[in-house]
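Enquirer: The following block contains a protein sequence and its predicted model.
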Amino acid sequence: MQARPTVNFVVNFVKSVSRNVCIGSVLAMAVSASAQAVEWKGWNIHKPDYPNTVALDKFAELLDERSNGEITLKLFHSGVLGNQPDAIEQVRIGGLAVGNFNLGPIGPIAPEANVVSLPFIFKDIGHMHRALDGEAGAQISAGMAKKGLVALAWYDAGARSFYNSKKPVTSPADIEGMKVRVMSNDLYSGMISAMGGNPSPMAFAEVFQSLKTGVVDGAENNWPSYESTGHFEVAGFYSNSQHLIIPECVCINADIFNELSAEDQEMVTAAARESADLQRELWEQREISSRDKVVAAGVQFNEIPDKSEFQAAMQPVYDKYLAANPDLVPLVELIQNTD
Ligand code: GTR
């Protein structure tokens, strides 16, 4: 019965302090001790087996492990928390902590990030990586941070090409008169208009039904998204225009990030970058398997070996953009001049 006095002492102590204002500070200590553990909410548009999803799950696992459970990331996949432009806004204001975002819909918010949405600005994936890993990437990150989004790491999203339910696209003239879904960004609408098409900005989740019912004739995306969404079932012509190579970020709310200790900032960034290594590896495999899957399902695929006609058609998009954003001309040139 050795324990009794101690128990009684604790009970009496709690009874006495509960009648006393001191209880406030006792409880505060307890709460602040556990309040150090945080749970972040994260947004992701993709389905469970998509490379980004698997990599984000890895990010969450690393955070939990390396913070000894003090930082956990509860991820909401498959776009269940809403569309991408809204989610970007939520991460900016701190309603959500983390998101895997395509830089396309970030462009209208952070002008520096919009340069990656200029059609054909990157020659290929390697060029995009070199630009992002250098000074251009630093300027883009700084522009995003000013708008409340810290880019912890970059994910790949391959190259986007046109697909539709009507016919193979081999030249810009084939887009004439077509209704084409684009992500919400004036540059993409300008791109379709420059070829005589009718742009239709629309949330990712609405595209399948719109293609199926003929609300739009086509859209544009990479192989994995074309496949994972089932768009290939309702828009069976995929034409390898590769007009956009848009990177994606693992982004965190700037205030949340800035309030972390320097040590935690480093740990969180390293975990995001490790997840990016995994994402890029899985991405490479998925581009091939998605392509194989849709081609086996009967998709009619055509290469566009000479893209110069498409590139020339984009001149008005560049002219308009650079005239409206003269301060971004050096960044555009920096990317174009990156080897
Ligand atoms: C995907 C991208 C998504 C989303 C989507 C779209 O390739 O990973 O974040 O931007 O395209 O077209 O809306």
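Expert: In hand now; what should we look at? Numbers count the residues shown, from 1 in each chain.
Enquirer: measure the nearest residue to residue 70 once chain neighbours are set aside to residue 101 for me?
Expert: Among residues not flanking residue 70 along the chain, residue 37 sits closest, at 4.9 Å (CB to CB, 6 or more residues apart in numbering). (Each C-beta comes from the backbone N, C-alpha and C, glycine too.) For residue 37, the distance to residue 101 (CB to CB, to the nearest Å) stands at 26 Å.
Enquirer: For the two, indicate the residue with more neighbours.
Expert: More crowded of residue 37 and residue 101, by other CB atoms under 10 Å: residue 101, with 26 against 12.
Enquirer: What helices and strands are in contact with the helix or strand where that one lies?
Expert: Using DSSP states H and E, residue 101 maps to strand 98-102. If you count contacts as 3 or more CB pairs under 8 Å, 6 or more residues apart in numbering; DSSP states H and E, strand 98-102 packs onto strand 38-43, helix 84-93, strand 248-253.
Enquirer: now these in CSV, with distance to residue 54, mean pLDDT and mean neighbour count?
Expert: Putting the helices and strands packed on strand 98-102 into CSV (distance: least, CB to CB, whole Å; pLDDT from 0 to 100; neighbours: other CB atoms under 10 Å) gives the following:
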stretch, distance to residue 54, mean pLDDT, mean neighbour count
strand 38-43, 14, 98, 18
helix 84-93, 19, 98, 19
strand 248-253, 13, 98, 26
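Enquirer: How about the contacts made by the residue of the stretch 151-300 of the chain found nearest the ligand?
Expert: With CB to the nearest ligand atom, the shortest gap between the stretch 151-300 of the chain and the ligand falls at residue 204, namely 3.5 Å. Listed by CB atoms under 8 Å, 6 or more residues apart in numbering, the contact set of residue 204 reads 45, 79, 83, 84, 183, 225, 229.
Enquirer: related to what we said a few turns ago, could the helices and strands packed on strand 98-102 go into TSV alongside distance to residue 337?
Expert: Listed next are these as TSV, based on distance: least, CB to CB, whole Å:
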stretch	distance to residue 337
strand 38-43	35
helix 84-93	29
strand 248-253	23
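Enquirer: I'd like to know which of the ones you listed is closest to residue 217.
Expert: Nearest to residue 217 among those is helix 84-93; the distance by CB to CB comes to 22.5 Å.
Enquirer: who does the residue of the stretch 51-200 of the chain found nearest the ligand bridge with?
Expert: Of all residues in the stretch 51-200 of the chain, the one sitting closest to the ligand is residue 102 (3.6 Å; CB to the nearest ligand atom). Assessed by DSSP bridges, residue 102 has beta-bridge partners residue 248.
Enquirer: I am finished for the moment; much appreciated.
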